[in-house]
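Trainee: Sharing a model that was predicted from the sequence below.
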Amino acid sequence: MPVALAAAGPGGLRLTAVDAGARALGLRPGEPLGRVRARVGSPLRILPAEPAADAAALERLCLWAQRYTPRVAPFGPGEDAFGLHLDVTGACHLHGGEAGLLDDLERRLAAGGIPARLALADTPGAAYALARFGAAARSHVPPGGTAAALAELPVAALRCDAATVIALKRLGLKRIGALARAPRAPLARRFGAALMMRLDQALGLRPEPLAPIPETARYGAARSFLDPVSRQETIVAVARALMGQIAPRLAAHGLGALALRLSLHRVDGAVKALDLGLASPGRCPDRVAGLLRLRLDRLGAALDAGFGFESIRLDVTAADRMPEAQGMLGAGPAEDGIADGTAALAEALGQRLGRPLLRLGGVASHLPERADRILPWRPGTGPAWSPAPLPPRPVLLLARSEPAEEVLALAPEGPPRRFRWRARLHRVAHAEGPERIAAEWWRADGPARDYYAVECEAGRRLWLYRSGPHAAERPAAWFVHGVFA
């Protein structure tokens with residue numbers, strides 16, 4: 001019986017994947033399920049899609065594929081997330097050349113019951129395009145033949161969004177070869193830099209770095225049990241003992257753990273993975289046990305031990321340099337990796353809340369919306385921005401500046417006296433400014449802004465800016481960007 005997967009989408013349930021039998025019936029991913037049932041008379045088995053399980057299976061397949069090369073990267077959302085890239089540069093000779101590697105990979109996947117389309121090319125973009133849209137289930141492009149191999153493929157093979165593909169087809173640019181021969185400047189102005197970047201990446205004119213999955217943890221330990229365990233105290237004690245085995249190996253290399261993963265293998269084959277994050281590098285078993293106890297207290301019954309865990313494994317997933325430090329003379333050893341109580345509090349809060357602590361970090365940009373970014377909190381981190389004196393800044397910075405309408409200013413380049421924002425008319429009692437802020441010279445993506453801090457008659461203080469100079473034929477646009485306390 002043909003099988004298809006369905007999940008909630010625009011307008012109701014839609015197909016997300018189909019097998020060979022369903023594809024033979026003319027079904028394609030993205031079709032509404034109601035329309036499919038109405039036009040397909042033969043029996044069809046519909047199963048719910050499980051994106052989390054699919055992602056986990058793809059990760060396991062990537063780990064398996066590391067037998068060919070350590071650089072294996074799963075497809076991203078723009079590539080339908082149903083495949084993987086293998087960077088086999090310098091590894092083909094270990095498998096009898098490029099053809100031998102493809103033969104071995106095809107044979108092993110077929111033996112595991114995994115249907116696959118394979119392509120080997122000079123660039124990741126070309127390999128994806130041939131595997132996804134090529135006529136043959138297996139393609140091998142010789143060096144220098146990328147442009148010719150891609151010329152007759154549809155522009156959708158460049159991993160562009162659907163709206164761009166439709167617009168290109170309306171212009172008559174249905175094939176990659178036609179797109180490559182078209183003038184670049186008009187295309188870049190109409191579709192932006194993303195289209196040209198994807199084309200250049202596929203043709204090898206621009207590099208495309210891959211994000212490979214991390215290598216298997218070097219520091220880990222495991223313990224199996226004749227009788228399954230499920231009590232929290234036992235799990236914590238086992239984790240403490242496993243960390244005691246890992247700590248000497250970390251110390252031998254001058255490292256400390258920053259993140260750990262505790263894998264609990266149930267009797268029925270299910271695996272429960274708990275990730276622990278440390279505020280600073282450490283290798284103290286008691287410290288790890290304390291964090292794990294907090295995590296288990298928060299999970300409670302959600303841990304779902306079932307009939308018990310038959311094995312437990314602890315792996316260090318992230319490590320950093322940990323210089324040796326001597327404690328006070330006559331006292332015990334210093335707290336491992338924790339210089340003060342702030343780091344211990346941060347770790348405890350992270351386990352209790354179930355998410356890591358974050359902070360704002362400065363970015364070298366003049367524009368306010370680009371001047372900071374979210375970073376993980378670490379002990380001893382400095383201020384999030386430069387201590388250089390700046391004019392007052394609003395407490396709340398809007399994610400996107402909102403237009404101010406019906407702006408009245410006594411002078412064309414002066415502060416506003418009245419404006420309408422969020423359907424309400426605001427009269428300005430006092431204004432400070434202007435403060436001119438422009439984008440970085442290498443961006444040149446907009447006119448300079450003149451910011452004003454204004455106080456309305458109702459007592460509200462806002463941060464407004466005028467975008468570009470005022471002209472008689474084109475009045476300058478005004479925007480509200482922030483709210484003071």
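Mentor: Great, that's in hand.
Trainee: List the contacts of stretch 46-57.
Mentor: 3-7, 16-17, 33, 81 (Cβ atoms under 8 Å, 6 or more residues apart in numbering). In this view, the C-beta of every residue, glycine as well, is placed from N, C-alpha and C.
Trainee: just the buried members of those residues?
Mentor: 4-6, 16-17, 33 (16 or more other Cβ atoms under 10 Å).
Trainee: Just those residues: which are in helices?
Mentor: residue 33 (DSSP state H).
Trainee: Among the buried ones among the contacts of stretch 46-57, which pair sits farthest apart?
Mentor: Greatest spatial distance in those: 17 and 33, 12.7 Å, computed using Cβ to Cβ.
Trainee: what's the closest of the buried ones among the contacts of stretch 46-57 to residue 437?
Mentor: Nearest member of the buried ones among the contacts of stretch 46-57 to residue 437, counting by Cβ to Cβ, is residue 16, at 45.3 Å.
Trainee: how much space between that closest one and residue 118?
Mentor: Residue 16 sits 23 Å away from residue 118, going by Cβ to Cβ, to the nearest Å.
Trainee: Show me where the stretch 301-450 of the chain has its helices.
Mentor: 341-353 (DSSP state H, counting those that start in this stretch).
Trainee: domain assignment for the chain?
Mentor: What the record gives for the chain is the domain set 3-49, 53-203, 220-322+338-353, 357-387, 396-483, from automatic domain parsing.
Trainee: I'd like to know which helix or strand in the chain has the lowest mean pLDDT.
Mentor: helix 341-353 (a mean of 74; mean pLDDT, DSSP states H and E).
Trainee: on contacts alone, who are the packing partners of that one?
Mentor: strand 271-282, helix 285-299 (3 or more Cβ pairs under 8 Å, 6 or more residues apart in numbering; DSSP states H and E).
Trainee: looking at the ones you listed, which is closest to residue 94?
Mentor: Here strand 271-282 is closest among the helices and strands packed on helix 341-353 (Cβ to Cβ), at 31.1 Å.
Trainee: Let me know the average pLDDT across that closest one.
Mentor: For strand 271-282, the mean per-residue pLDDT is 86.
Trainee: With just CA atoms, put that strand into CSV.
Mentor: Taking Å, rounded to 0.1, in the frame of the first residue of the first chain, the C-alpha atoms of strand 271-282 are listed here in CSV:
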residue,chain,number,x,y,z
VAL,A,271,17.5,7.1,24.9
LYS,A,272,17.0,10.0,27.2
ALA,A,273,19.7,12.7,26.7
LEU,A,274,20.3,15.4,29.3
ASP,A,275,22.6,18.3,28.4
LEU,A,276,24.5,20.0,31.2
GLY,A,277,26.2,23.4,30.8
LEU,A,278,28.9,24.7,33.0
ALA,A,279,29.6,28.4,33.4
SER,A,280,33.3,27.9,33.4
PRO,A,281,35.6,24.9,32.6
GLY,A,282,35.6,22.3,35.3
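Trainee: could you give the angle of that strand to helix 341-353?
Mentor: Angle, strand 271-282 to helix 341-353, by axes from the mean of the first three to the mean of the last three Cα atoms, to 10 degrees: 170 degrees.
Trainee: Neighbouring strands - and their directions - for strand 271-282?
Mentor: Using DSSP bridges, strand 271-282 pairs in its sheet with strand 255-266 (antiparallel).
Trainee: average pLDDT for the strand it pairs with?
Mentor: 91.
Trainee: Please apply the same query to stretch 235-250.
Mentor: For stretch 235-250, the mean confidence score works out to 95.
Trainee: Quick check: buried residues in that stretch?
Mentor: Using 16+ other Cβ under 10 Å as the test for burial, stretch 235-250 gives 235-236, 238-240, 242-244, 246-247, 250.
Trainee: Which single one of the residues you listed is nearest to residue 181?
Mentor: residue 250 (56.9 Å).
Trainee: nearest residue to the closest one other than its sequence neighbours?
Mentor: Using Cβ to Cβ, 6 or more residues apart in numbering and skipping the chain neighbours, the partner closest in space to residue 250 is residue 283 (4.7 Å).
Trainee: check contacts around the one you found.
Mentor: So residue 283 contacts 243, 246-247, 250-251, 255-257, 322, 336-337 (Cβ under 8 Å, 6+ apart).
Trainee: Out of these, which is nearest to residue 109?
Mentor: residue 246 (34.8 Å).
Trainee: related to what we said a few turns ago, residue 220 versus the residue nearest to residue 250, what's the distance?
Mentor: Distance from residue 283 to residue 220, by Cβ to Cβ: 13 Å.
Trainee: likewise residue 433?
Mentor: 58 Å.
Trainee: And for residue 305?
Mentor: Distance from residue 305 to residue 220, by Cβ to Cβ: 22 Å.
Trainee: hang on, the earlier thing: mutual contacts of residue 283 and residue 220, please.
Mentor: With Cβ under 8 Å, 6+ apart, residue 283 and residue 220 have common neighbours residue 246.
Trainee: so where's the stretch 351-485 of the chain uncertain?
Mentor: 354, 378-389, 444-445 (pLDDT under 70).
Trainee: For it, which segments are assigned as strands?
Mentor: 358-362, 372-376, 396-409, 416-421, 424-437, 449-456, 461-467, 477-483 (DSSP state E, counting those that start in this stretch).
Trainee: Dihedrals phi and psi, residue 187?
Mentor: phi -70, psi -40 (degrees, to the nearest 10).
Trainee: what's the closest non-adjacent residue to it?
Mentor: Nearest to residue 187 is residue 195, by Cβ to Cβ, 6+ apart, at 6.3 Å.
Trainee: Give me the pLDDT value at the one you found.
Mentor: 92.
Trainee: Next: residue 12.
Mentor: Value for residue 12, per-residue pLDDT: 85.
Trainee: what's the residue lying closest to residue 245 once chain neighbours are set aside sitting at in phi/psi?
Mentor: Excluding the flanking residues, the one nearest residue 245 by Cβ to Cβ, 6+ apart is residue 221, at 4.3 Å. As for residue 221, its main-chain torsions (degrees, to the nearest 10) stand at phi -160, psi 150.
Trainee: Check residue 207 too.
Mentor: The phi/psi pair for residue 207 (degrees, to the nearest 10) reads phi -70, psi 150.
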